[in-house]
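> Any chance you can model this:
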Amino acid sequence: MWEVGILLIGVGFLFFSVYLGMVLKNASDTIKEVNRIIIRNSREIEELIISSSGILTSVNSLSGVVSGVSRATAFSAAAKGAMSIAQMRKNRQKGRN
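Alright, predicted model coming up:
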C-alpha cells in the first residue's frame with residue numbers, strides 16, 4: 001500500500017516540475033521581451049524622464065506661487081530625483097560610447 005503512496009507522490013512531483021518549468025520559461029520570455037523593449041526605446045524613455053522633471057519643476061513653481069510657499073517639497077524632491085536619474089543615464093550612455 002505504501003508503494004502506491006510513493007507512486008502518487010512521484011507523479012505529483014513530476015506534474016509540479018513540468019508546471020514550474022513552464023512558468024519559469026514564460027517568465028524568462030517576458031523578461032527578454034521587456035529588456036528588448038527597453039533597449040529599443042531607451043532614448044524615448046530618457047527624453048520622457050527629462051520632460052517629466054521639467055514638468056514637475058514647473059508644477060513646483062506654480063504651486064509655490066499659488067500657495068504662497070516658496071517650495072513645495074514633494075514636487076521639488078520628485079523633480080530633483082528625476083533630474084538625477086536622467087543625469088545618471090546620460091553619464092552611463094557616454095561611458096558606453
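> tell me the domain boundaries of this protein?
1-40, 42-97 (automatic domain parsing).
> so can I have a markdown table of the ones you listed showing mean neighbour count?
For every residue, glycine as well, the C-beta is placed using N, CA and C. Listed next are the domains of the chain as a markdown table, based on neighbours: other CB atoms under 10 Å:
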| stretch | mean neighbour count |
| --- | --- |
| domain 1-40 | 10 |
| domain 42-97 | 13 |
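> Could you point out the longest helix of the chain?
helix 2-40 (DSSP state H).
> That helix: what's the following helix or strand?
helix 42-67 (DSSP states H and E).
> Quick one: distance of that following helix to the chain centre.
19 Å (CA atoms, centre = their mean, to the nearest Å).
> helices or strands up against that helix?
helix 73-96 (3 or more CB pairs under 8 Å, 6 or more residues apart in numbering; DSSP states H and E).
> What residues does residue 55 make contact with?
Taking CB atoms under 8 Å, 6 or more residues apart in numbering as the definition of contact, residue 55 has no neighbours.
> Any figure for the gap between it and residue 5?
Noted for residue 55: a distance of 64 Å to residue 5, by CB to CB, to the nearest Å.
> do residue 11 as well
Distance, residue 11 to residue 5, using CB to CB: 11 Å.
> got it, and residue 33?
In terms of CB to CB, residue 33 sits 42 Å off from residue 5.
> Repeat that for residue 90.
62 Å.
> which sections of this structure are below the confidence cut-off?
Applying pLDDT under 70 to the chain picks out residues 63-80, 96-97.
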